[in-house]
Every structure is written in structure tokens, then in C-alpha cells.
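> just a sequence and a predicted model for now, questions to come.
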Amino acid sequence: MTLARVAQHAHVSASTVSRYLRGQLKVNPETAGRIDAAVRDLGYEAPPAAAPEPAQAPAPAASPVIALIVPDLVNPFFAELAEEIAATAAAGGISLVVGVTGRQSRREAGLSELVARTDAVDGMIYVGIHRRNPRLVKAISGGLPVVVLDEEIADTSQADAISVDNYGGAYQATAYLAQLGHRRIAHVAGPPELSTSRDRLRGFRDAMRHADLPVDDSLVLHGPYTEQFGASTFPYLTGAAEPPTAVFAGSDIVAVGMLSAAELHGLRIPEDLSVVGCDGIRVGEWLRPKLTTLQQPVADLARSALDLVQARVENRAGERVTRVFPLHLVIRGSATAPGA
């Protein structure tokens with residue numbers, strides 16, 4: 001009889017069973033009862049634990065250990081999200097381990113498998129940037145509590161999901177630029193395969209349509225969420241037959257690249273080109289001019305993700321949960337009326 005069979009019988013992860021039986025994890029009475037019953041009914045015999053040293057008191061039961069998988073810590077949004085999750089976990093007595101994938105699909109898959117196979121981790125918060133990760137799907141099917149945060153990942157309908165209203169935020173940002181009087185508005189978008197990029201593009205297009213403004217597809221540019229991509233867009237924007245007077249950037253880090261490179265292309269922000277970003281990273285407040293942006297509710301995302309994954313670890317949650325938080329427009333100095 002294997003530990004995995006006991007976990008399946010008790011409807012928890014193998015790591016939860018393992019650490020509970022070793023006295024390293026506190027679970028609620030209902031979960032403890034199911035594990036004990038599964039052990040008894042299946043005749044499972046846990047490997048004998050090493051006897052404690054005579055002079056040592058038994059170690060106290062440990063809190064859950066949660067793995068956080070993020071694409072990188074270079075993009076300030078991911079860094080601030082990881083920092084908030086770590087701080088919230090520490091305040092709640094939850095141990096957190098962080099894995100960085102370097103934006104590589106193979107590392108996303110490898111870390112997902114590693115977390116699923118280890119007994120030391122009880123659940124996972126997954127922030128991925130590649131639509132498919134079969135090993136993550138396998139981990140979820142195997143009973144590992146997983147919360148998918150930010151991007152949509154294919155075939156993870158069994159996992160809890162937390163995101164923001166990217167469509168509504170993009171609509172709000174674009175409508176704001178139209179209300180300022182801009183008629184030629186560009187959209188510097190993220191990779192087209194990402195759900196965040198697709199939803200923000202839909203919001204941009206619908207806001208333009210509702211404002212009776214045409215969308216010039218030559219002014220819709222796709223690229224990675226990086227500062228370098230933002231800086232590289234000016235030849236395409238300024239080289240248009242009718243250049244834009246405003247840009248909605250799908251990420252603050254892209255907008256940072258645009259603001260840093262504008263002067264090299266003879267443009268003043270916002271006099272010649274208004275820019276609105278998305279994410280609300282702290283560095284946006286340090287720029288000159290300060291960046292108008294859509295604020296991500298980072299604290300709410302962190303708290304919600306940790307609450308959900310802990311509830312799954314302790315088997316306190318019911319049906320799959322999907323939570324969508326709003327984005328809020330923060331008006332600063334990088335966008336103004338054309339010609340102002």
C-alpha cells in the first residue's frame with residue numbers, strides 16, 4: 001500500500017498525508033479523521049520515524065508549506081506580487097518556497113513536476129506565462145492543491161483561478177484617452193498567446209469602437225512584457241502615415257521603456273505622446289512624468305491566493321473557485337489632452 005493511495009482515499013495530497021503522519025503538519029479535525037480512516041482501512045504502515053534525542057522535546061507541528069512559481073523577478077509586477085505573497089504568508093505562519101522559471105516553458109514544467117513529487121510541499125500558487133503545462137495538469141489531477149494566478153492555463157479547470165478584469169481595465173484606460181480628445185490611439189500589447197494580452201486587446205478595441213474611433217492595426221504592436229520591447233516601438237509608431245497621439249501599453253514595464261526612449265526619438269511625454277500603462281508598479285511613481293496606469297490589486301491577489309490554497313490543503317474548500325478583481329485607473333502625469 002502506497003502513500004499516494006492513502007492520499008487519494010482521503011482526498012488530500014500525498015505531501016499532506018506524509019507530513020501529517022510525521023507530526024509536521026496541523027490539519028483540521030475533519031481532514032485528520034479522513035486520513036486516519038484511510039490509513040486504517042487500507043492497512044497502510046508508515047515508515048518508522050527516528051526516535052528523538054532524549055534531551056530534545058518533540059518538534060511542534062509545522063504550518064503548511066506552499067510553493068510559489070513565478071516567471072521572473074525582473075518584471076517589477078512579478079517581484080512585487082511575490083513580495084506581497086511572501087509577506088502575507090509570513091504574517092499567517094505559512095512557509096513559502098519560491099521557484100523562478102526564467103520565462104521558459106521547460107522550467108515551468110520541471111518545477112511543477114518537482115513540487116508535485118516532493119513530500120515537503122503541501123500546495124502551489126502558480127503564475128505561468130505559457131498557455132500549456134501538461135505536468136501542472138498532471139499535478140492537479142494527482143491531488144496537489146493548486147491556485148492558478150494571473151494568466152489562464154489550458155486544461156486546469158480543476159484548479160482554483162484568480163485573475164483581474166483585464167478587459168474592463170483596458171476598456172477604461174482606452175476610454176480615458178478618448179475622453180481626453182485623442183483620436184489616433186495605439187496599443188502596445190503583450191504576447192498574443194497570453195490571456196492577459198488577448199483580454200486587454202479586446203477591451204482596447206471595444207472602447208475604440210464605442211468612441212467611434214477606428215483601430216489602425218498597424219498601431220497594434222505585440223511583444224514581450226519587457227522594457228526593451230517598449231523602447232523598440234517608436235520606429236513603428238512615429239513611422240506611421242498618421243502617428244498616434246496616445247498609447248495604451250499593456251504593461252507598466254513596457255510603458256517604462258517607452259518613457260525612457262521617447263526623448264531619443266524627439267518626443268515629449270505627454271505633450272507629444274500620452275502614455276497609459278497597466279500594473280501599477282511602484283517605479284511608475286518615480287518616473288518624470290509619473291505614469292498614469294491601471295493599478296493591480298496586488299494585496300488582494302496575494303491574500304486570496306494564499307487563503308484558497310490553504311483551504312484546499314486543509315480540505316475546507318468546496319467547488320472550484322474563480323475570483324476576478326477589478327483594475328483601477330490611477331491618473332498621474334503621463335497622459336493629457338492632445339496639444340496641451
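Received the coordinates, thanks. Residues are numbered from 1 along each chain as shown.
> ok, Thr233 to Ala246 distance?
To Ala246, Thr233 is 13 Å away according to Cβ to Cβ, to the nearest Å. C-betas here are computed from N, CA, C, even on glycine.
> more neighbours, the two?
Ala246 (26 against 21; other Cβ atoms under 10 Å).
> thought that one was touching Leu177?
Yes - contact criterion Cβ atoms under 8 Å: Ala246 and Leu177 qualify, at 4.5 Å.
> what's in contact with stretch 204-212?
Identification of contacts with stretch 204-212 by Cβ atoms under 8 Å, 6 or more residues apart in numbering yields 167, 170-175, 178, 185, 187, 189, 214-215, 220, 248.
> filter those residues to the buried ones?
Listed as buried from those are 167, 170-175, 178, 185, 187, 189, 215, 248; burial here means 16 or more other Cβ atoms under 10 Å.
> strands along the stretch 51-200 of the chain, start to end?
Applying DSSP state E, counting those that start in this stretch to the stretch 51-200 of the chain gives strands spanning 65-70, 95-100, 123-126, 146-149, 160-164, 185-189.
> and those, which is most packed in?
By mean neighbour count, with neighbours taken as mean count of other Cβ atoms under 10 Å, strand 123-126 ranks first of these at a mean of 28.
> show me what that one is packed up against.
Counting contacts by 3 or more Cβ pairs under 8 Å, 6 or more residues apart in numbering; DSSP states H and E, strand 123-126 packs against strand 65-70, helix 105-117, strand 146-149, helix 298-313.
> per-residue confidence for Ser334?
With respect to pLDDT, Ser334 has a value of 97.
> list the contacts for it?
Applying Cβ under 8 Å, 6+ apart, we find Ser334 in contact with 255, 259, 269-270, 274-277, 287, 289-292.
> list just the nearest of those residues to Ala154.
In terms of Cβ to Cβ, no member of the contacts of Ser334 lies closer to Ala154 than Gly277, at 27.8 Å.
> just say helix, strand or coil for the closest one.
strand (DSSP: H, G, I helix; E, B strand; the rest coil).
> pull the contacting residues for it.
Counting by Cβ under 8 Å, 6+ apart, Gly277 touches Ala249, Ser251, Asp252, Val254, Ala255, Val256, Gly284, Leu291, Thr292, Thr293, Leu294, Ser334.
> near the first one, how many other residues are there?
Counted with other Cβ under 10 Å, the burial measure for Ala249 works out to 33 neighbours.
> wait, isn't it in contact with Val276?
Yes - if you go by Cβ under 8 Å, Ala249 and Val276 touch, sitting 6.9 Å apart.
> Ala7 reaches Leu144, doesn't it?
No - if you go by Cβ under 8 Å, Ala7 and Leu144 don't touch, sitting 9.7 Å apart.
> so which of those two has more stuff around it?
In this comparison of Ala7 against Leu144, neighbours counted by other Cβ under 10 Å, the higher total goes to Leu144 at 28 against 21.
> any idea how far the more buried one is from Arg312?
In terms of Cβ to Cβ, Leu144 sits 9 Å off from Arg312.
> one more: Thr336?
The gap separating Thr336 from Arg312 is 47 Å, by Cβ to Cβ.
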